[in-house]
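Participant: Predicted structure and sequence below. I'll ask about it afterward.
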Amino acid sequence: MEENAFDVFVIGSGIAGQTVAKSCVEAGLKVAIADNREFGGTCANRGCDPKKILLGAMEAYELSKNLKGKGVTKTPKINWGKLQKYKRNFTVNVPVATERVLKEKGIHLFHQSPKFIDERTLLVEGKKISAQKIVIATGQVPRKIEIKGSKHFKNSDDFLNLKKLPEHIVFVGGGYIGMEFAHMAARAGAKVTVVDTGKRPLHAFDPDLVKALKKYSESLGITFIFEAKPTSLKKKRKKHILSYEVKGDIKIIEAHMIFNTAGRVPALAELDLDKGNVDFTDSGVVTNDFLQSKSNVNVYACGDVSDKNLPLTPLSGRQGYVVAENIINGNKKELEVPVVPSVVFTLPNLATVGYSEEEARARYKNIIVNYEVSTDWFNAKRINAPLYAYKVILNERTREIVGAHLIGPDAGETINIFTMAINNKMTDRDIKSTIFTYPSWVNDIKSMV
Ligand SMILES: Cc1cc2nc3c(=O)[nH]c(=O)nc-3n(C[C@H](O)[C@H](O)[C@H](O)COP(=O)(O)OP(=O)(O)OC[C@H]3O[C@@H](n4cnc5c(N)ncnc54)[C@H](O)[C@@H]3O)c2cc1C
Ligand SMILES: NC(=O)c1ccc[n+]([C@@H]2O[C@H](COP(=O)([O-])OP(=O)(O)OC[C@H]3O[C@@H](n4cnc5c(N)ncnc54)[C@H](O)[C@@H]3O)[C@@H](O)[C@H]2O)c1
């Protein structure tokens, strides 16, 4: 094979791209991978992992705060600078280690965005590269807020790398990222405001539990401004001024830093997809059930950038695996996704799996909705947890669990048991007859079903 010809050329070295590249090279194919940033992708470098390291200190803070006067004498102070240093121990080696593993496997690396020249040819690092299969696994990037002065917005990468925490922070967007960061910043001592165009934060989550989380967030000092449309952003010495419109009135808010946490969009702008005849929409590359481009059979897409994804790490890995299988064995593997749990890493965690109450009502004739604020249960009282609640939904006819929504300490772990229960069509009786460890959060689910 010519030097610049590959069986598989993968664009993007996150979980999706790496999964494809490694599987294909192990199957004996000649593989290359390109990334226009540090290798390793969003999750490991500037997403899930670094965020969760910062969260560790917040967990220590929260537990101590709740037990203050109950055997714990002081609420600790977060040393943001030291916490960031600790986080960097984990992230600093990711790109080098990722490159090393890929190279050791015989994968060729490129450090630039390729551009399509035609359906099978790319231009990268000044070379024309031909490939039998091209895999787009470029993930997502923050959605631009198209207002005057938008260049002054910081984004999630900036927050996760902040050396010093500003006194007053505004997050524009109260979704996963805005809420997780707002909780961290407030606990670390910043004054925090969340501005959102919607009527409430976290619109994909159960409204009753979100209401409880919002109220608790306010008790941490977080201010919310809803139904607010940003109109301009100005920098004035050390401060930034965000103008926004609420019900026809223009208002302003001043802060030291203002972050764009208003959602993320497929990272496709640099690829010249038109030249490659690759169709895409706002949801990503248009794919069939094999994750193959509908307009160019030489191209596959996987991870956050495919139109079949919920942008979560486990799904991106799953899609990478499906694409690798289809490249290696021909299109045999369709994308099948079991129910997907999801957690917002605020403290307490807010977690969800399966149908929402609204979806379950539309889908089943009769449902049972078990909703309770359970802050007086032993597990919560033991650590003086301020918020613990659940909403579990069953199909009344079959008694199968069809949805679970939790807020409370470790809800991000407990939700996994509900995920297994839903996938395995378990009923309330199946759960009640299982023996779990005691006392444990998971044991509580017997009382929730
Ligand atoms: C702050 C934050 C927190 C998150 N927390 C969680 C969490 O707790 N749990 C969870 O499940 N998910 C979380 N996510 C989402 C998760 O990070 C993504 O779903 C996951 O990383 C997607 O993997 P991927 O391989 O599809 O894309 P990515 O990991 O984004 O990888 C895409 C790669 O392609 C590269 N690239 C982009 N454009 C080009 C181009 N033109 N040319 C070459 N290379 C390119 C990028 O540099 C990147 O390395 C979080 C995301 C963010 C931003
Ligand atoms: N814990 C996790 O699993 C986790 C954490 C972070 C991110 N993620 C993934 O990353 C994706 C992106 O997260 P996100 O928080 O950026 O997006 P999001 O879609 O969760 O939230 C975006 C928020 O911004 C608001 N918004 C949109 N445009 C606005 C504007 N112009 N002004 C003000 N508000 C505006 C929306 O109403 C929404 O509330 C998520 O969908 C999720 O899949 C997951």
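Facilitator: Structure's in. What do you need? What you are looking at is a predicted structure, and each value in this text was computed from that prediction instead of being measured. Ligands and ions are numbered 1, 2, ... in the order given.
Participant: contacts, neighbours, all on C-alpha from now
Facilitator: Will do.
Participant: Near ligand 1, which residues of the chain are found?
Facilitator: 11-17, 34-37, 39-43, 47-48, 112-114, 137-140, 156, 177, 267, 270-271, 303-304, 311-314, 316 (C-alpha under 6 Å from any ligand atom).
Participant: Now intersect the residues you listed with the helices, please.
Facilitator: Counted as lying in helices by DSSP state H, out of the residues of the chain next to ligand 1, are 15-17, 41-43, 48, 156, 177, 313-314, 316.
Participant: what does the model give the residue nearest to the spatial centre of the chain for pLDDT?
Facilitator: Computing the C-alpha centroid of the chain and ranking residues by C-alpha atoms, centre = their mean puts residue 312 first, at 4.9 Å. Residue 312 carries a pLDDT score of 97 in this model.
Participant: Residue 265 versus the residue nearest to it when sequence neighbours are not counted, what's the distance?
Facilitator: Once flanking residues are discounted, residue 312 sits nearest to residue 304: 7.2 Å by C-alpha to C-alpha, 6 or more residues apart in numbering. Noted for residue 304: a distance of 9 Å to residue 265, by C-alpha to C-alpha, to the nearest Å.
Participant: what touches both of those two?
Facilitator: Residues touching both residue 304 and residue 265 (C-alpha atoms under 8 Å, 6 or more residues apart in numbering): 140, 284.
Participant: Who has more neighbours out of these two?
Facilitator: residue 304 (31 against 17; other C-alpha atoms under 10 Å).
Participant: can you tell me which residues contact the more buried one?
Facilitator: 137-140, 266, 284, 310-312, 316.
Participant: Filter those down to the buried ones, ChimeraX style.
Facilitator: To isolate the buried ones among those in ChimeraX, judged by 16 or more other C-alpha atoms under 10 Å, type:
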select :137,138,139,140,266,284,310,311,316
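Participant: In JSON lines, list the contacts of residue 304 along with distance to residue 407.
Facilitator: Shown next, in JSON lines, are these (distance: C-alpha to C-alpha, whole Å):
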{"residue": "137", "distance to residue 407": "33"}
{"residue": "138", "distance to residue 407": "32"}
{"residue": "139", "distance to residue 407": "29"}
{"residue": "140", "distance to residue 407": "28"}
{"residue": "266", "distance to residue 407": "30"}
{"residue": "284", "distance to residue 407": "31"}
{"residue": "310", "distance to residue 407": "21"}
{"residue": "311", "distance to residue 407": "21"}
{"residue": "312", "distance to residue 407": "20"}
{"residue": "316", "distance to residue 407": "25"}
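Participant: name the element residue 76 belongs to?
Facilitator: For residue 76, there is no enclosing helix or strand under DSSP states H and E.
Participant: pretty sure residue 108 is touching residue 29, no?
Facilitator: No. The criterion here is C-alpha atoms under 8 Å, and residue 108 misses it with residue 29 at 11.6 Å.
Participant: Would you list the phi and psi of residue 293?
Facilitator: phi -60, psi 140 (degrees, to the nearest 10).
Participant: What is the burial count for the residue nearest to it when sequence neighbours are not counted?
Facilitator: Using C-alpha to C-alpha, 6+ apart and skipping residues adjacent in sequence, the residue nearest residue 293 is residue 287, 4.4 Å away. If you count neighbours by other C-alpha under 10 Å, residue 287 ends up with 23.
Participant: do residue 92 as well
Facilitator: For residue 92, using other C-alpha under 10 Å, the count is 11.
Participant: Next, give phi and psi for it.
Facilitator: According to degrees, to the nearest 10, residue 92 has phi -60, psi -30.
Participant: Surely the residue nearest to residue 293 touches residue 308?
Facilitator: Yes. Using C-alpha under 8 Å, residue 287 makes contact with residue 308 at a distance of 7.5 Å.
Participant: Listing request: residues of the chain with sub-threshold pLDDT.
Facilitator: Scanning the chain for pLDDT under 70 picks out 1.
Participant: Next to ligand 2, which bits of it? Give me the list.
Facilitator: Close to ligand 2, as judged by C-alpha under 6 Å from any ligand atom, the chain has residues 145, 172-178, 195-198, 201-202, 229-230, 261-264, 310-312, 342-345.
Participant: Just the residues you listed: which are in helices?
Facilitator: 176-178.
Participant: Out of these, grab the one that's most surrounded.
Facilitator: Busiest of those [other C-alpha under 10 Å] is residue 178, holding 26 neighbours.
Participant: Make sure that one is actually in contact with residue 169.
Facilitator: No. Applying C-alpha under 8 Å, one finds residue 178 not in contact with residue 169, separated by 10.9 Å.
Participant: Identify the residue spatially nearest to the one residue in the stretch 301-449 of the chain that gets nearest to ligand 2, adjacent ones excluded.
Facilitator: Of all residues in the stretch 301-449 of the chain, residue 311 sits closest to ligand 2, at 3.9 Å by C-alpha to the nearest ligand atom. Counting by C-alpha to C-alpha, 6+ apart, residue 311 lies nearest to residue 304, which is 4.8 Å off, once chain neighbours are set aside.
Participant: Likewise for residue 443?
Facilitator: residue 436 (5.4 Å).
Participant: Can you show me the helices along the protein?
Facilitator: Using DSSP H, helices in the chain cover 15-26, 41-46, 48-67, 80-91, 94-104, 156-160, 176-187, 207-219, 313-329, 357-363, 378-382, 411-423, 428-432, 445-448.
Participant: any idea how the chain splits into domains?
Facilitator: 5-142+265-329, 150-262, 342-448 (automatic domain parsing).
Participant: first to last residue in the shortest one, what's the distance?
Facilitator: Start and end residues of domain 342-448 are separated by 19 Å (C-alpha to C-alpha).
Participant: chain center to that domain, what's the gap?
Facilitator: 21 Å (C-alpha atoms, centre = their mean, to the nearest Å).
Participant: can you check the longest one too?
Facilitator: Using C-alpha atoms, centre = their mean, the distance from the centre of domain 5-142+265-329 to the centre of the chain it belongs to is 13 Å.
Participant: And the contacts of stretch 358-376?
Facilitator: Stretch 358-376 is contacted by residues 357, 380-381, 385-397, 402-403, 448-449 when judged by C-alpha under 8 Å, 6+ apart.
Participant: go again using 7 Å as the cut-off
Facilitator: Contact partners of stretch 358-376, identified using C-alpha atoms under 7 Å, 6 or more residues apart in numbering, comprise 381, 385-396, 448-449.
Participant: Filter the residues you listed down to the buried ones.
Facilitator: 385, 387-395, 448-449.
Participant: how about residue 246, what does it touch?
Facilitator: 227-229.
Participant: Which of those are buried? Put it as a PyMOL command.
Facilitator: Applying 16+ other C-alpha under 10 Å to these leaves a buried subset, and the PyMOL line that selects it is:
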select buried, resi 228+229
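Participant: I appreciate the help and will end here.
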